[in-house]
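Participant: starting from these lines, generate the structure:
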Amino acid sequence: MDNWLYLLAAGCILASVFAVLRSRRQIKSTMERLEAMVDAAMKGSLNEISYDETRLSRLESMLSHYLAANEMSAKNLAAEKDKINTLISDISHQTKTPISNLLLYSELLKEETLPEEAMKSAALIHTQAEKLRFLITSLVKLSRLETGIITVNPTEGMLADLLHALYEQYKPAAEEKGLKLTVCDSGKLRGVFDKKWTLEAVGNVVDNAIKYTDEGSVTISVNAYELFVAVTVSDTGRGIRESEQGAVFGRFYRSADVSGEKGVGIGLFLSRSIVQAEGGYMKLRSEPGKGTAMSVYLPAASKNLSNL
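Facilitator: Residues are numbered from 1 along each chain as shown. Alright, predicted model coming up:
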């Protein structure tokens, strides 16, 4: 009797082991099929017909439909972005000559002896034409960055060179408003950045600082951290309300406080897109009435680490 019990127990154990091994094999097979579907979806080659749904679980079937829908949505989104980018390029091409003519004729009008009201109108035409040209140029750059037509090529470089270029470019605008533009010594600090595009990104920040500062100064400084170097533009301007600080980097966002000032609300959005493409990020600190400090964090060069 005991022998039969032992044999029965051994048989149950063997059956259990066989059932576990079979279950693990089925699970492994299902997981491999699921991974294959995900890989196919990532490569853009998902084909539901190649899967036998009669032998797959309901989950596998639902995942197949979900991935197929996502693939179609991604293709539709890419097609729509291509249409928008083509439209922007076409607009840029078709409006380049008319805008240049508007700027030329408005300049000629300002040189004429005209009534005061006519002179004001000529100045407004020139201002609005400049705004339109900046908007279209920025949209073209942004669309080309987003589609990869234009790419940033970060390399190690001296931050002193970048700061010197910023100073030379924006010193006249600061002096015209009676502001003091100061560039602090960055020593031998190096960062990883694309000079041309970073000059544009930080330049938009400096331009905003000058634009929204009525008196005082604008200071450009550099701080080194373990993984990043921060180029900070500080001003003594009107500041940004806390409720709006997260929105200023949005596309076409303009605060009601500066609605009467020059600008179209795309400069900081473009700056952040450029900096993110370089592996960096942007932050700001501000207090209404006391000014703003906006920092552009760029990847630090390896040579900086030995100096920390």
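Participant: how would you label residue 133: helix, strand or coil?
Facilitator: What DSSP: H, G, I helix; E, B strand; the rest coil gives for residue 133 is helix.
Participant: so what's the residue count around it?
Facilitator: Residue 133 is flanked by 17 other residues according to other CB atoms under 10 Å. (Each C-beta comes from the backbone N, C-alpha and C, glycine too.)
Participant: was I right about it contacting residue 103?
Facilitator: Yes: contact criterion CB atoms under 8 Å: residue 133 and residue 103 qualify, at 7.4 Å.
Participant: need the overlap of contacts for the two.
Facilitator: Residues within reach of residue 133 and of residue 103 at once, by CB atoms under 8 Å, 6 or more residues apart in numbering: there are none.
Participant: name the helix or strand for the closest residue in space to residue 106 that isn't next to it in sequence, please.
Facilitator: Closest residue in space to residue 106, ignoring its immediate chain neighbours: residue 126 at 3.8 Å, by CB to CB, 6 or more residues apart in numbering. Element membership of residue 126, judged by DSSP states H and E, is helix 116-147.
Participant: in that helix, what counts as buried?
Facilitator: By 16 or more other CB atoms under 10 Å, the buried positions in helix 116-147 come out as 122, 125-126, 129, 132-133, 136, 138-143, 145.
Participant: before we move on, the earlier item: can you pull the pLDDT of the residue nearest to residue 106?
Facilitator: Listed pLDDT for residue 126 reads 78.
Participant: dump the residue contacts of it.
Facilitator: By CB under 8 Å, 6+ apart, the contact list for residue 126 reads 102, 103, 106, 107, 110.
Participant: I'd like the residues you listed as CSV, with secondary structure, neighbour count and pLDDT appended.
Facilitator: Converted to CSV, the contacts of residue 126 look like this (DSSP: H, G, I helix; E, B strand; the rest coil; neighbours: other CB atoms under 10 Å; pLDDT from 0 to 100):
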residue, secondary structure, neighbour count, pLDDT
102, helix, 18, 80
103, helix, 16, 80
106, helix, 19, 82
107, helix, 13, 82
110, helix, 14, 79
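Participant: show me the shaky parts of the stretch 101-250 of the chain.
Facilitator: Scanning the stretch 101-250 of the chain for pLDDT under 70 picks out 144-150.
Participant: which parts of it are helices?
Facilitator: Using DSSP state H, counting those that start in this stretch, the helices found in the stretch 101-250 of the chain span residues 116-147, 159-176, 195-211.
Participant: how about the last one as CSV, C-alpha atoms only?
Facilitator: Read it as helix 195-211. Extracted in CSV, the C-alpha atoms of helix 195-211 (Å, rounded to 0.1, in the frame of the first residue of the first chain):
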residue,chain,number,x,y,z
LYS,A,195,28.5,78.0,-31.3
LYS,A,196,26.3,79.3,-34.0
TRP,A,197,23.0,78.0,-32.6
THR,A,198,24.0,78.6,-29.0
LEU,A,199,24.8,82.2,-29.9
GLU,A,200,21.2,82.5,-31.2
ALA,A,201,19.7,80.7,-28.2
VAL,A,202,21.5,82.8,-25.6
GLY,A,203,21.2,85.9,-27.8
ASN,A,204,17.4,85.6,-27.6
VAL,A,205,17.7,85.7,-23.8
VAL,A,206,20.0,88.7,-23.9
ASP,A,207,17.7,90.5,-26.4
ASN,A,208,14.7,89.9,-24.0
ALA,A,209,16.7,91.2,-21.0
ILE,A,210,17.6,94.4,-22.9
LYS,A,211,14.1,94.8,-24.3
